[in-house]
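Structure, please.
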Amino acid sequence: MLKRLRNKLLLVNMIALSAVILFSFSVVYFVTYSHLQGLIVSDLRSIPPDVMTNAILSERDQQAGVGAGGFRVNGLPDLPIDYSRAFVINTNKSGNILSVFSRIELEKDDYIKAARLASQSGAETGRINLAGNRWQFLVTGADKESIIFLNVDGYERTLSRMLFSMSIIGGCVFAILLFMSYRLANRAIRPVDESMEKQRRFVADASHELKTPLAIIDANAEAILADDDPSPEGRRKWLERIEEESSRMRALVDSLLYLAKAEDGDRENLPFDLAAAAEDEIGRVEAILYERNIRLALEKYDGQVIVKADEERLRRAILILLDNAVKYTNEGGEVTVETGRGRHVGYIKVSNTGEEIPSADLPRIFDRFYRADRARASARESAAPNGKTYQSGFGLGLAIAKTIVERSGGRIYATSANGFSTFTVELPLN
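Take a look at the predicted model:
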């Protein structure tokens with residue numbers, strides 16, 4: 001499916017680019033053609049009819065051959081070299097040829113054919129094929145007509161060369177654009193591919209997480225049905241396991257629903273004090289820190305850190321980071337919370353001692369259901385004083401935190417070095 005999508009993008013893109021290239025080259029060709037046509041007509045009009053008349057009078061007494069057609073072929077008078085490719089035919093009103101002035105070696109039949117073709121066209125100017133060449137003619141005069149012919153092979157060769165060059169350039173440009181479009185199309189569908197891959201992995205992981213407690217519930221229900229001991233005490237252990245797995249499934253479903261709401265819900269970002277919010281959330285995990293003999297270091301900014309975000313959800317993101325730090329802090333270790341402000345952002349950093357996060361896991365720790373091997377081996381639920389679970393151990397907590405922060409216009413990232421793992425949240429200042 002993605003390949004078809006890429007090919008469609010590539011096809012549409014190349015059709016559009018080809019149309020632009022073709023239109024651009026057509027405009028250039030038309031402008032050049034119009035310019036050359038203007039030069040040809042200008043050259044033809046620059047030969048005045050009275051020059052031809054004076055030439056006839058001055059050369060009337062010169063010896064010239066008179067053919068069966070009843071006209072003489074005279075040499076042109078001294079004209080610019082540009083007109084060395086031209087000849088002039090003088091005719092009367094009946095269309096009979098009176099004289100021809102030419103520097104070009106042509107047969108008299110060719111002159112007769114040229115005059116006939118020009119007369120048959122009925123136009124003031126036009127083009128004809130004569131003696132294997134292309135000629136542009138211009139009809140001038142009143143009582144008797146002068147038809148000026150100019151060889152335009154050079155102009156047409158110029159256009160042909162330009163058309164050939166444009167074809168080569170167009171082909172090269174098309175090939176380059178095709179390559180670039182292919183790369184861009186692949187890059188364009190890459191996020192779609194990654195999104196679909198994440199979706200497939202999400203469905204598989206969610207199914208796996210749900211499958212295990214469901215299997216345990218089924219097994220315990222079957223054990224109850226097969227148990228011969230009818231007393232409540234005999235069935236209590238099975239019921240406790242069912243209740244435990246039901247609670248686990250409920251926690252997973254609640255996390256999934258919250259993640260969906262965080263991703264799809266549009267809520268207004270309002271200013272609030274990030275430092276005060278962090279201090280409040282720390283109070284909710286102090287009992288756990290005390291029970292596990294974990295030291296807490298709070299480096300609070302001296303003043304307010306007013307950021308613009310969804311306060312309710314951001315408090316949950318802070319709590320998730322605190323819970324994550326507590327979970328992976330070694331016994332007797334330390335958790336550090338720092339708030340502050342930079343040039344354009346306010347920030348909170350949550351650090352904890354303990355085993356470092358492998359560098360290979362850092363880019364993926366915010367993915368849904370992703371848990372590093374060490375997390376899978378030691379993940380356990382941390383209960384808050386009120387009995388609720390902040391981090392269920394499904395690998396959704398950091399994904400929820402990332403979604404909340406990004407929906408608030410900020411960013412979240414993690415570093416791990418020198419025995420410390422640090423999660424940093426940056427939000428725009430109000």
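
can we go C-alpha only for contacts and neighbour counts from here?
OK.

This protein: helices as residue ranges?
2-45, 49-59, 108-121, 153-226, 232-264, 274-291, 311-327, 373-378, 397-407 (DSSP state H).

Quick one, which of those helices gets closest to residue 138.
helix 2-45 (6.6 Å; Cα to Cα).

Least reliable of the helices of the chain by average pLDDT, please.
Lowest mean pLDDT within the helices of the chain: helix 373-378, a mean of 42.

ok, back up a step: among the helices of the chain, which comes closest to residue 88?
Comparing the helices of the chain by Cα to Cα, helix 49-59 comes nearest, at 8.1 Å.

Please export the C-alpha coordinates of stretch 209-217 as PDB.
The C-alpha trace of stretch 209-217 is given here as PDB (Å, rounded to 0.1, in the frame of the first residue of the first chain):
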ATOM      1  CA  GLU A 209      -0.400  -7.200  27.700                       C
ATOM      2  CA  LEU A 210      -4.100  -8.000  27.800                       C
ATOM      3  CA  LYS A 211      -3.600 -11.600  26.800                       C
ATOM      4  CA  THR A 212      -1.600 -12.500  29.900                       C
ATOM      5  CA  PRO A 213      -4.100 -11.300  32.600                       C
ATOM      6  CA  LEU A 214      -7.000 -12.700  30.600                       C
ATOM      7  CA  ALA A 215      -5.200 -16.100  30.500                       C
ATOM      8  CA  ILE A 216      -4.600 -15.900  34.300                       C
ATOM      9  CA  ILE A 217      -8.200 -15.000  34.900                       C
END
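
domain parsing for this structure?
2-42+158-184, 49-151, 266-428 (automatic domain parsing).

Can you lay out these as JSON lines showing mean neighbour count?
Compiled in JSON lines, the domains of the chain are given as follows (neighbours: other Cα atoms under 10 Å):
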{"stretch": "domain 2-42+158-184", "mean neighbour count": "14"}
{"stretch": "domain 49-151", "mean neighbour count": "16"}
{"stretch": "domain 266-428", "mean neighbour count": "18"}
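
Using TSV, please lay out those domains together with distance to residue 215.
Below are the domains of the chain laid out as TSV (distance: least, Cα to Cα, whole Å):
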stretch	distance to residue 215
domain 2-42+158-184	36
domain 49-151	91
domain 266-428	17
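
and residue 210, which of these is closest to it?
Here domain 266-428 is closest among the domains of the chain (Cα to Cα), at 10.4 Å.

Could you work out the end-to-end span of stretch 298-311 for me?
20 Å (Cα to Cα, to the nearest Å).

Now do it: everything it contacts.
Applying Cα atoms under 8 Å, 6 or more residues apart in numbering, the contact partners of stretch 298-311 are 267-276, 336-341, 345-346, 408-409, 427-430.

And for stretch 313-320?
Counting by Cα under 8 Å, 6+ apart, 277-278, 281-282, 390-391, 397-398, 400-402, 404-405 sit against stretch 313-320.

what do you get if the cut-off is 10 Å, keeping everything else the same?
258, 262, 267, 274, 277-282, 284-285, 311, 321-326, 348-350, 390-391, 396-405, 407-408, 425 (Cα atoms under 10 Å, 6 or more residues apart in numbering).

So for the nearest residue to residue 255 once chain neighbours are set aside, what's the pLDDT?
Distances taken as Cα to Cα, 6 or more residues apart in numbering put residue 396 closest to residue 255, at 7.0 Å, once the chain neighbours are dropped. Looking at residue 396, its pLDDT reads 82.

Residue 396 and residue 369 touch, don't they?
Yes - with contact defined as Cα atoms under 10 Å, residue 396 counts as touching residue 369 (5.5 Å).
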